[in-house]
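Participant: I would like to see how this sequence folds:
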Amino acid sequence: MNSNQYMAFDLGAGSGRAIAGTYSNGKVSLQEISRFSSEMINVLGHYHWDIYRLYDLLKDSLKTVALKSDFKPVSIGIDTWGVDYGLLAEDGSILEIPYAYRDSRTDGAMEEFFKLIPREKVYRLTGIQFMQLNTLFQLYAAKRDNLSIMKLATDLLFIPDLLNYLFTGKKTSEFTFATTSQLFNPAKMAWEVELFDALGISMSIMQKIVMPGTSIGELAGNVCQETGINGIPVIAVALHDTGSAIAAVPAEGKNWAYLSSGTWSLMGIELDKPLISEKTMALNFTNEGGVEGTFRFLKNITGMWLLQQSKKEWASKKDYSYEDLVEMAKNQKPFRCFVDSDARELMNPSNMPDEIRSYCKKTGQYVPQSEGEIVRCIFDSLALKYRNVLDQLKQVSPFPIEKLYVIGGGSKNQFLCQLTANALGITVVAGPAEATALGNIMVQAMAMGHVKSLSQIREVIRNSVDCVTYYPEESSIWENAYIDYLAALNH
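Facilitator: Numbering: from 1, shown residues only. Okay, here's the model as predicted:
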């Protein structure tokens with residue numbers, strides 16, 4: 001048995017994967033074991049996550065691994081999207097299937113909560129970007145709506161902590177994920193009691209916070225019996241998928257930013273301590289935890305969600321591949337229209353292409369008709385959104401930003417990577433696409449003593465992956481397009 005083999009479960013808000021990782025001779029290699037859907041489900045008009053189905057899918061992957069003679073993992077780690085949670089009753093059972101962050105129950109919740117604690121104070125306490133989907137506002141909505149489960153809940157577990165609980169029976173809360181909730185005070189490195197008092201919720205429902213690389217406990221006996229996997233430890237990796245992804249940025253030195261590109265695009269820099277000020281609040285930046293106690297100073301940007309939902313809408317008449325859509329976009333005239341990917345009406349519309357057309361019409365722009373025009377609108381808008389956020393980052397960064405690392409699935413989109421380099425006017429390095437799984441696996445390797453530090457993790461990644469470098473082109477054209485983009489958004 002190779003003692004440097006690990007199992008990563010990477011669950012996104014749409015699809016999930018089980019990845020086998022092997023670390024050997026200073027390099028890490030990956031093998032996909034399974035891939036599955038992890039989409040929200042609509043139950044009586046509300047969006048939820050089917051946590052039991054996800055649990056079964058992870059166990060099915062472990063059954064597959066148990067049959068492999070050449071892969072025997074020494075640990076497993078789970079990462080997922082942020083902010084969502086489940087509640088446990090006193091007997092340890094799960095109270096209702098967890099709500100999904102795109103559910104409309106949080107509409108207006110932020111503004112209502114700010115009547116209890118002013119916006120400025122919430123940011124000063126947490127350093128977290130204001131989004132109605134944050135756990136703080138989800139809990140406020142649950143209390144406001146007098147949900148019966150709130151009266152019965154004795155424990156809150158975030159989604160990956162909940163899956164770890166189902167695997168081990170142990171209740172913990174991992175640092176990188178805890179910080180996404182807007183319930184955590186990074187100055188105190190603890191849950192913020194003032195927020196819980198305002199919510200009218202006992203802080204006793206929260207768990208002890210553990211750092212990435214902590215062993216939570218071994219797989220429970222029933223899981224071992226069902227899957228055929230021995231009682232190996234479950235590691236609290238960077239449970240927030242972006243936390244795992246940023247650990248795998250193949251960078252050296254300090255003067256760089258990252259863009260984790262997937263359903264969400266997360267652009268930011270890595271800092272040793274949070275950056276919380278009136279300026280960062282005005283710009284709505286967030287401070288989320290990272291590996292080795294670092295902080296991901298970043299902004300959440302709606303990313304490939306617009307393309308994913310458009311593709312889904314078109315599938316009824318033609319099931320385009322993503323490669324098809326990119327080629328269609330290349331053949332369209334650029335800069336005809338723009339959307340703000342973070343516009344509220346684009347958060348979860350019933351028909352994304354129609355909503356994009358409606359947005360363009362309302363803002364007095366050309367209204368895209370064909371699929372190719374809509375995809376080109378999305379790509380141009382994303383590249384220019386990244387420019388907008390980079391400009392904001394530069395205003396507050398303690399160091400110059402000379403290079404952007406694009407990681408995640410979006411790094412494989414060569415067309416969008418080149419548009420991004422053009423829009424930003426700096427070098428873009430794309431890869432690895434599997435950053436989240438790589439970060440998950442390498443934090444497991446660190447937990448097992450096979451690597452020693454975050455810097456060594458990044459050295460391993462650099463030795464293991466091939467990246468593609470893009471240089472900015474047509475700078476003056478893109479400067480003019482940026483002016484038009486800002487004008488469209490401020491219409």
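Participant: After whichever helix in the chain runs longest, which helix or strand is next? Please name it.
Facilitator: The longest helix of the chain (DSSP state H) is helix 371-396. Sequence order places strand 403-407 as the next helix or strand after helix 371-396, per DSSP states H and E.
Participant: Can you name the next helix or strand after that following strand?
Facilitator: Moving toward the C-terminus from strand 403-407, the next helix or strand (DSSP H and E) is helix 414-424.
Participant: report the angle between the axes of that following helix and strand 403-407?
Facilitator: Calculated by axes from the mean of the first three to the mean of the last three C-alpha atoms, to 10 degrees, helix 414-424 forms an angle of 150 degrees with strand 403-407.
Participant: which helices and strands does helix 414-424 pack with?
Facilitator: If contacts are counted by 3 or more C-beta pairs under 8 Å, 6 or more residues apart in numbering; DSSP states H and E, helix 414-424 sits against helix 322-330, helix 371-396, strand 403-407, strand 427-430, strand 468-470, helix 475-489. Heads up, the C-betas are built off the backbone N, CA and C, glycines and all.
Participant: What helix or strand is the closest residue to V237 other than its chain neighbours located in?
Facilitator: Using C-beta to C-beta, 6 or more residues apart in numbering and skipping the chain neighbours, the partner closest in space to V237 is G77 (3.7 Å). Taking DSSP H and E as the criterion, G77 maps to strand 76-80.
Participant: returning to that earlier point: most packed of the helices and strands packed on helix 414-424?
Facilitator: For these, the largest average neighbour count (mean count of other C-beta atoms under 10 Å) is found in strand 403-407, namely a mean of 25.
Participant: Just checking: what are the partner strands of that one?
Facilitator: If you go by DSSP bridges, strand 403-407 pairs up with strand 256-261 (parallel), strand 427-430 (parallel).
Participant: pLDDT on it, on average?
Facilitator: Strand 403-407 carries an average pLDDT of 98.
Participant: got the angle for that strand vs helix 371-396?
Facilitator: Using the same axes, to 10 degrees: strand 403-407 against helix 371-396 is 130 degrees.
Participant: Could you export strand 403-407 as PDB, CA atoms only?
Facilitator: Provided in PDB are the C-alpha atoms of strand 403-407 (Å, rounded to 0.1, in the frame of the first residue of the first chain):
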ATOM      1  CA  LYS A 403       0.000  38.800 -11.900                       C
ATOM      2  CA  LEU A 404      -3.300  37.000 -11.700                       C
ATOM      3  CA  TYR A 405      -3.600  33.300 -11.200                       C
ATOM      4  CA  VAL A 406      -6.800  31.800 -12.500                       C
ATOM      5  CA  ILE A 407      -7.600  28.400 -11.000                       C
END
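Participant: quick revisit: ok now do the residue nearest to V237, which residues does it touch?
Facilitator: Going by C-beta atoms under 8 Å, 6 or more residues apart in numbering, G77 touches Y6, M7, A8, F9, V234, I235, A236, V237, N440, I441, V443, Q444.
Participant: now the helices for the stretch 51-200 of the chain?
Facilitator: For the stretch 51-200 of the chain, the helices defined by DSSP state H, counting those that start in this stretch cover 51-66, 109-113, 119-126, 135-144, 148-152, 159-168, 175-178, 193-199.
Participant: any idea which of the ones you listed is most buried?
Facilitator: Most buried among the helices of the stretch 51-200 of the chain, counting by mean count of other C-beta under 10 Å: helix 175-178, with a mean of 28.
Participant: Report the buried residues of stretch 36-56.
Facilitator: Using 16 or more other C-beta atoms under 10 Å as the test for burial, stretch 36-56 gives F36, S38, M40, Y47, H48, W49, D50, I51, L54, Y55.
Participant: Inside helices: which ones of these?
Facilitator: Among the buried residues of stretch 36-56, the ones falling in helices (DSSP H) are I51, L54, Y55.
Participant: Verify the contact between the first one and L88 for me.
Facilitator: No - in terms of C-beta atoms under 8 Å, I51 does not count as a neighbour of L88; the distance is 11.5 Å.
Participant: any common contacting residues for those two?
Facilitator: I94.
Participant: how about A423, what does it touch?
Facilitator: By C-beta under 8 Å, 6+ apart, the contact set of A423 is A383, L384, Y386, R387, W478, A481, Y482.
Participant: and those residues, which two are the farthest apart?
Facilitator: Spatial extent of those (C-beta to C-beta) is set by the pair Y386 and A481 at 12.8 Å.
Participant: and the end-to-end length of stretch 466-480?
Facilitator: 33 Å (C-alpha to C-alpha, to the nearest Å).
Participant: now it: mean pLDDT?
Facilitator: Mean predicted confidence for stretch 466-480 is 97.
Participant: go on, stretch 142-149?
Facilitator: Stretch 142-149 comes out with an average pLDDT of 95.
Participant: how about the helices in the stretch 201-350 of the chain?
Facilitator: Ranges of helices within the stretch 201-350 of the chain are 221-227, 241-247, 278-282, 305-314, 322-330, based on DSSP H, counting those that start in this stretch.
Participant: tally of neighbours for the nearest residue to T106 once chain neighbours are set aside?
Facilitator: With C-beta to C-beta, 6+ apart as the criterion, T106 has its nearest non-adjacent residue at 4.4 Å, and that residue is Q132. If you count neighbours by other C-beta atoms under 10 Å, Q132 ends up with 21.
Participant: quick revisit: of all the helices of the stretch 51-200 of the chain, which lies closest to C417?
Facilitator: Counting by C-beta to C-beta, C417 lies closest to helix 175-178 out of the helices of the stretch 51-200 of the chain; the figure is 26.0 Å.
Participant: could the helices and strands packed on helix 414-424 be laid out in a markdown table, adding distance to P349?
Facilitator: Formatted as a markdown table, those follow (distance: least, C-beta to C-beta, whole Å):
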| stretch | distance to P349 |
| --- | --- |
| helix 322-330 | 18 |
| helix 371-396 | 13 |
| strand 403-407 | 27 |
| strand 427-430 | 30 |
| strand 468-470 | 32 |
| helix 475-489 | 18 |
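Participant: Nearest to I457 among these would be which one?
Facilitator: Nearest of these to I457, taken as C-beta to C-beta: strand 403-407 at 13.4 Å.
Participant: List of residues touching that closest one?
Facilitator: With contacts defined as C-beta under 8 Å, 6+ apart, strand 403-407 is touched by 245-246, 248-251, 255-261, 390, 417, 420-421, 424, 426-433, 435.
Participant: now for the helices and strands packed on helix 414-424, which one comes closest to S310?
Facilitator: Closest approach to S310 among these (C-beta to C-beta): helix 371-396, 6.0 Å.
Participant: Could you list the domains of the protein?
Facilitator: Domain segmentation of the chain under automatic domain parsing yields 5-241, 249-431+452-491.
Participant: Distance across the longest one, terminal residue to terminal residue?
Facilitator: If I follow you right, that is domain 5-241. End-to-end distance for domain 5-241: 20 Å, by C-alpha to C-alpha.
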